[in-house]
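K.L.:
What would the 3D arrangement of this be:
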Amino acid sequence: AGRYGALLVDHWAFEVYQDPRLWDTDRLHMSPAGHRLMAAKVLDVLGVRHTLKPVVLGPFQRSGWMERARRDWEWLDEWVFPLFGRKLRRVTLGDTLSPRWPEPVQVSYGLRRLAQERFRQEQLRQAAAGG
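P.N.:
Got it, this is the predicted structure:
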């Protein structure tokens, strides 16, 4: 970043991201609270005024080693082992999925609302077609 004059927001440098509540169950993607905090940090680095407030999580309660081992085993069983299986079979989770937005869309009021509107339109089309 320094060599190219780029701004850097390095979440690994933020001690707060050691809190597992800022990560989703796969331990790879951020939770909604983690995303919200990161968005605020990025806007801060860019010098953009915003009203984002981080979610107040309260003090983190550390669990005992047995509880951590149980959660680690569940994570391995639910996320890591299946990932290795897919890698060995050369498949991904998205291989059978169609794109949510196969053509460019103009978003003026949010993707969720646009998706809901399209879903309602599709339901009306199917009802009109007798389906």
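K.L.:
can you give me the helices for this structure?
P.N.:
In chain order, the chain shows helices spanning 32-46, 65-75, 81-89, 111-128, with DSSP state H as the criterion.
K.L.:
What are the contacting residues of the last one?
P.N.:
In other words, helix 111-128. Residues lying outside helix 111-128 but in contact with it, judged by Cβ atoms under 8 Å, 6 or more residues apart in numbering, are 100, 105, 107. For every residue, glycine as well, the C-beta is placed using N, CA and C.
K.L.:
is it possible to export the helices of the chain to a markdown table including mean neighbour count?
P.N.:
Listed next are those as a markdown table, based on neighbours: other Cβ atoms under 10 Å:
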| stretch | mean neighbour count |
| --- | --- |
| helix 32-46 | 16 |
| helix 65-75 | 11 |
| helix 81-89 | 11 |
| helix 111-128 | 11 |
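K.L.:
Adding mean pLDDT and distance to residue 58, write those helices out as a markdown table.
P.N.:
As requested, those are exported to a markdown table (pLDDT from 0 to 100; distance: least, Cβ to Cβ, whole Å):
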| stretch | mean pLDDT | distance to residue 58 |
| --- | --- | --- |
| helix 32-46 | 93 | 12 |
| helix 65-75 | 93 | 18 |
| helix 81-89 | 94 | 32 |
| helix 111-128 | 87 | 28 |
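K.L.:
Format the ones you listed as JSON lines; extra columns: distance to residue 12.
P.N.:
Supplementary listing: the helices of the chain in JSON lines, determined by distance: least, Cβ to Cβ, whole Å:
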{"stretch": "helix 32-46", "distance to residue 12": "12"}
{"stretch": "helix 65-75", "distance to residue 12": "20"}
{"stretch": "helix 81-89", "distance to residue 12": "21"}
{"stretch": "helix 111-128", "distance to residue 12": "29"}
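K.L.:
Fine, thanks again, bye for now.
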